[in-house]
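Visitor: build the 3D model from these lines:
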Amino acid sequence: MPKPSISILLPFRNAADTLAETLDSVLAQDIDDWELLAIDDASSDTSAALIRALNDRRARLIRNPRPGLVAALNLGLAHARAPLIARLDADDRMHPARLRLQAAAFAQDPGLTLCASRVRLFPAQRIRAGLRAYIEWQNRLLTPTQIARALYTESPFTHPSVMYRRDAVLAAGAYREGDFPEDYELWLRLHQRGARMRKRPERLLDWRDHPQRLSRTDPRCRRSAFDRVKLRYLMQEPLWRAHHGRFVCWGAGRKTRRRSDTLLAAGFRPRAWIDIDPRKIGNRIDGIPVVAPEWLRAHPGHLVLCWIANHGAREGIQRFLHGLGLREGREYLLLAGY
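Guide: Predicted structure coming up:
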């Protein structure tokens, strides 16, 4: 059997309620040059039987002997025969043109490491405002420049929408276990290795929201886990070294300050806490002054780390910083996420 061009990496655990719909979307692809690697991650329901029932030579059922998502993903990478890997979850749906359009992006750009796509959320009645805002933000990020600039805000990709070069991910160390979301940590690692990452403008994945989704239930997907891993990588960035660790934090509230704990534990201290609350301005917190935004005019050269998550306030902060001639990803970063 000739090697396929694309390996679809589909880990699953007790997904019988949604897996049939996902498999239908795989079989509906408008190209045939793919293989499906369905990794059974310790299921106790009939999910595996659904894979066997496909009776398609392109589909392989692989049992994960060491349960866990990261182990399942790396097992799939080890078994993959294609140079391109398309991720898919067992409760999502692919557009029929997904594989063809993403593979075309790699053919057109030999230097491309990763290509995701815009996504559509479903079912509509379940989608909350916060998740909708996050996906709207994510769907605006298309070019390598936009993605690199926003990478320290939040994950710019929905994991099952991603296609990447297998060799590049293996060379970077594949997926890693840790106290962090395994996909976001991989994107940060690829970025630091100089990977070019972009996104198709089409909505090629329907991303299902439900209460059991790992991003809702796994401790590695908590906000604190995102904060820790993004700051660990930020401290390795040329951007950080260019400012010699000189930074200020926008947001002097207790919760906001705690989000900088990883930097503080590494021995870095902000030169100031920026805030607009007149009750805070003029105080000192751990010996560090709380100052108004205008302080930045007289003290250039600092990297501004913004921890404000309120969307209206965040846009106002961006307007102010742009008015000072500061550029996102160069002189300031929006770290708060969605």
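
Visitor: next, count neighbours for A309.
Guide: For A309, the number of neighbouring residues by other CB atoms under 10 Å comes to 18. For every residue, glycine as well, the C-beta is placed using N, CA and C.

Visitor: next: N139.
Guide: One way to gauge burial is a neighbour count; for N139, by other CB under 10 Å, it gives 17.

Visitor: also R57?
Guide: By the criterion of other CB under 10 Å, R57 has 8 neighbours.

Visitor: and what of A49?
Guide: 12.

Visitor: quick one: it is in a helix?
Guide: Yes. A49 sits within a helix when classified using DSSP: H, G, I helix; E, B strand; the rest coil.

Visitor: from R189, how far off is it?
Guide: As for A49, its distance to R189 is 37 Å (criterion: CB to CB, to the nearest Å).

Visitor: show me where the stretch 151-300 of the chain has its strands.
Guide: Ranges of strands within the stretch 151-300 of the chain are 163-165, 196-208, 247-250, 273-274, 284-285, 288-291, based on DSSP state E, counting those that start in this stretch.

Visitor: relative to L326, which of those strands is closest?
Guide: With CB to CB, the closest approach to L326 among the strands of the stretch 151-300 of the chain belongs to strand 247-250: 11.4 Å.

Visitor: the closest one pairs with which strands?
Guide: For strand 247-250, the paired strands and their directions (DSSP bridges) are strand 273-274 (parallel), strand 303-306 (parallel).

Visitor: next helix or strand past the longest one?
Guide: Elements were assigned by DSSP states H and E; along the chain past strand 303-306, the next helix or strand is helix 311-323.

Visitor: now do the contacts for W273.
Guide: For W273, the contact set (CB atoms under 8 Å, 6 or more residues apart in numbering) comprises V248, C249, G251, A252, R257, K280, I285, I288, P289, V290, V291.

Visitor: at 10 Å what do you get?
Guide: Under the criterion of CB atoms under 10 Å, 6 or more residues apart in numbering, the contact partners of W273 comprise 248-253, 256-257, 260, 280-281, 283-286, 288-291, 307.

Visitor: tell me the spacing between it and R284.
Guide: Plainly put, W273 is 9 Å away from R284 if you go by CB to CB.

Visitor: A266 now?
Guide: The spacing between A266 and R284, counted by CB to CB, is 22 Å.

Visitor: what do W273 and R284 both touch?
Guide: Contacts common to W273 and R284, judged by CB under 10 Å, 6+ apart, are V290.

Visitor: in stretch 179-193, what's buried?
Guide: For stretch 179-193, a neighbour-count test (16 or more other CB atoms under 10 Å) marks F180, P181, E182, D183, Y184, E185, L186, W187, L188, R189, L190, H191 as buried.

Visitor: give me the nearest residue to the residue most central in space within the chain, chain neighbours excluded.
Guide: With distances taken as CA atoms, centre = their mean, the residue of the chain nearest its centroid is S155 (2.6 Å). Closest residue to S155 in three dimensions, ignoring its sequence neighbours and counting by CB to CB, 6 or more residues apart in numbering: Y184, at 4.3 Å.

Visitor: contacts only, for that neighbour.
Guide: Shown in contact with Y184 (CB under 10 Å, 6+ apart): 151, 154-157, 159, 220-221, 225-226, 229-230, 233.

Visitor: could you find the closest non-adjacent residue to the most far-flung residue of the chain relative to its centre?
Guide: Using CA atoms, centre = their mean, the residue of the chain lying farthest from its centre is G282. It sits 37.5 Å away. Spatial nearest neighbour of G282, chain neighbours left out: V290 (6.7 Å); criterion: CB to CB, 6+ apart.

Visitor: quick check: mean pLDDT across stretch 327-338?
Guide: If you average the pLDDT over stretch 327-338, you get 94.

Visitor: buried ones in that stretch?
Guide: So, applying 16+ other CB under 10 Å, buried residues of stretch 327-338: E328, G329, E331, Y332, L333, L334, L335, A336, G337, Y338.

Visitor: swap in stretch 312-332?
Guide: Applying a neighbour-count criterion of 16+ other CB under 10 Å, the buried positions in stretch 312-332 are R314, I317, F320, L321, L326, E328, G329, E331, Y332.

Visitor: next: stretch 168-181.
Guide: By 16+ other CB under 10 Å, the buried positions in stretch 168-181 come out as A168, V169, A172, A174, Y175, F180, P181.
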